[in-house]
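**Q** turn this into a structure:
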Amino acid sequence: MKLFIKKISLLLLIIFICTSCGTKDEKIITEGISYSNDNYTIQYPSNWECVERKEDGSVVVFSNKDNQIYLELTSARIYPYTGEQKYINKLLKGIREDINVEECLLSGNKGYKVKSKNDNEINDNYIIQERDMIFEMRFNYQDNESNNHEQVINKIKDTFKIKDFETLEYASKDINGDRDAKWLADIEFICKQLPNHHKNLFFKIDEQQYLKKANIIKENIHTLTDNELITEVSRWIASVGDAHTRFLFNIEKKYPFEFYYFNEGIYLIDSITEYSDFIGYKLKSIDGISVEEIIKLFTPIIPHENESRLKELITKSIIIPEFLDGLKITNQESAQYTFVDENRNEHIIKAIPKRFNYKDLIIRNTDKSEKMLYLKNRNENYWYQYYEEEMLLYFKYNKCSNMALKSF
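**A** I've put the predicted structure just below:
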């Protein structure tokens, strides 16, 4: 009888131990805490806390109190938004082939789960596009804790609900026919929406100056070409003085050059096969206008807060036909780029804008020397590598844009 009681007690103890392993998590999940902003709501366990949050809700980070797992939830606007789901497809195309991607349901809509491993860390990324917004949930935890966190990840993920937020589409989409009316609608849309969505738009110029510049453009819509309007709107937006606020437009073609602004001047550092002989030459002029004058013309239309940013964006802007035409440097059909080689001999290229991808460039896609670290992985927004012998951690920041598998 005593032996029978002992067996029952032992069995009850085993059952208690086994069931109590999940009881804590179940209780924590069912007694969740809600977080909500203008775009979505989500619940997280009561033994977690919100450890970081941007004022606009674009980045929110949650973590359990033992810091064994954390969730980073990001949301971002897509611009220009055309009512299609192309952006998320483009995002998925940039993921390496060896990374596992599978479809899943998020907030009742089709999303994607992207699972990656970096050393002993696991990243479970859930990505969904809803109209002009991209949402990403990234759960980060140690590989050896995978089984412990799977249930709570699924529970949190299933509480994520997207709200009926306002889509910030361009205003002229509903206006048919009249070109001037479309431009007027878009400029008035910027006038109204930019101050509402910028944290502090009038830190450099006041509201009256901002509106006065807009009115001057509106009054001259009928006399300006589309490229001149693109240029003047860019000048207007740049005048607010924020390097992270600029006018974006659809650029279908560019001149197939990649430049770099060295102390000695602007040099061609990459191009397509047709112009490969000119790589390494210094740019002297475009359509007879000197580089020095071109820099003066471009400076007011480029948002920047320091010289480095200006130099970077000038090299990207002088290959855009709309700007070159809008600034009356050249026309949109072709441009004459004049280069100088190391012997001071001049070389002229009469180029036409092309639809090209950076994959078409020569230097960017050749095998790079291990010593030329700045030329490696140029298609990644950012990357890093540790060199043990030199005790060197090299970090390269190519683009200020989030990567799905190495989130900010």
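**Q** low pLDDT regions in the chain?
**A** 1-31, 56, 79-86, 94, 96-98, 166-177, 358-359, 363-372, 379, 402-408 (pLDDT under 70).
**Q** outline the domain layout of this protein.
**A** 32-162, 171-223, 367-408 (automatic domain parsing).
**Q** CSV for those domains, including mean neighbour count?
**A** Bear in mind the C-beta positions are built from the backbone N, C-alpha and C, glycine included. CSV is the format used below for the domains of the chain (neighbours: other CB atoms under 10 Å):
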stretch, mean neighbour count
domain 32-162, 16
domain 171-223, 14
domain 367-408, 12
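**Q** JSON lines for these, including distance to Gly326?
**A** Converted to JSON lines, these look like this (distance: least, CB to CB, whole Å):
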{"stretch": "domain 32-162", "distance to Gly326": "19"}
{"stretch": "domain 171-223", "distance to Gly326": "12"}
{"stretch": "domain 367-408", "distance to Gly326": "25"}
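**Q** looking at those domains, which is nearest to Tyr261?
**A** The closest of the domains of the chain to Tyr261 is domain 367-408. By CB to CB, the value is 14.4 Å.
**Q** ok, back up a step: between the domains of the chain, which one is nearest to Phe257?
**A** Comparing the domains of the chain by their distance to Phe257 (CB to CB), the top pick is domain 367-408, with 15.4 Å.
**Q** so which of the domains of the chain comes closest to Ser334?
**A** Comparing the domains of the chain under CB to CB, the one sitting nearest is domain 171-223, at 24.5 Å.
**Q** with adjacent residues omitted, what lies nearest to Asp341?
**A** Leaving aside its sequence neighbours, Asp341 sits nearest to Tyr281 (CB to CB, 6 or more residues apart in numbering; 5.2 Å).
**Q** got phi/psi on the one you found?
**A** Backbone geometry at Tyr281, expressed as degrees, to the nearest 10, gives phi -90, psi 150.
**Q** quick one: contacts for Ile190?
**A** Ala214, Val233, Ile237 (CB atoms under 8 Å, 6 or more residues apart in numbering).
**Q** then Lys254?
**A** Contacts of Lys254 (CB under 8 Å, 6+ apart): Ile319, Ile320, Pro321, Pro353, Lys354, Phe356.
**Q** can you select the buried ones from these in ChimeraX?
**A** Command for ChimeraX that selects the buried part of these, burial taken from 16 or more other CB atoms under 10 Å:
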select :319,320,321,353
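**Q** quick check, nearest of the contacts of Lys254 to Tyr397?
**A** Using CB to CB, Ile319 is the member of these that sits closest to Tyr397, with 22.0 Å.
**Q** let me know whether the closest one touches Ile266 as I believe.
**A** No - Ile319 lies out of contact with Ile266 (CB atoms under 8 Å); the separation is 11.2 Å.
**Q** anything in contact with each of these two?
**A** Common contacts of Ile319 and Ile266 (CB under 8 Å, 6+ apart): Phe259.
**Q** can I assume Thr330 sits in a helix?
**A** No - going by DSSP: H, G, I helix; E, B strand; the rest coil, the assignment for Thr330 is coil, not a helix.
**Q** wait, doesn't it sit right on Ile286?
**A** Yes - under the contact definition of CB under 8 Å, Thr330 touches Ile286, with a separation of 6.3 Å.
**Q** okay, and the common contacts of the two?
**A** Common neighbours of Thr330 and Ile286 (CB under 8 Å, 6+ apart) are Leu324, Gln336.
**Q** who's in contact with stretch 255-263?
**A** Outside stretch 255-263, the residues that touch it by CB under 8 Å, 6+ apart are 266-272, 274-275, 283, 311-312, 314-315, 318-321, 335, 337, 351-354, 356, 358, 360-361, 364.
**Q** how far out from the middle of the chain is that stretch?
**A** Centre-to-centre, stretch 255-263 and its host chain are 22 Å apart (CA atoms, centre = their mean, to the nearest Å).
**Q** how about that stretch: buried residues?
**A** In stretch 255-263, counting by 16+ other CB under 10 Å, buried: Tyr255, Pro256, Phe257, Glu258, Phe259, Tyr261.
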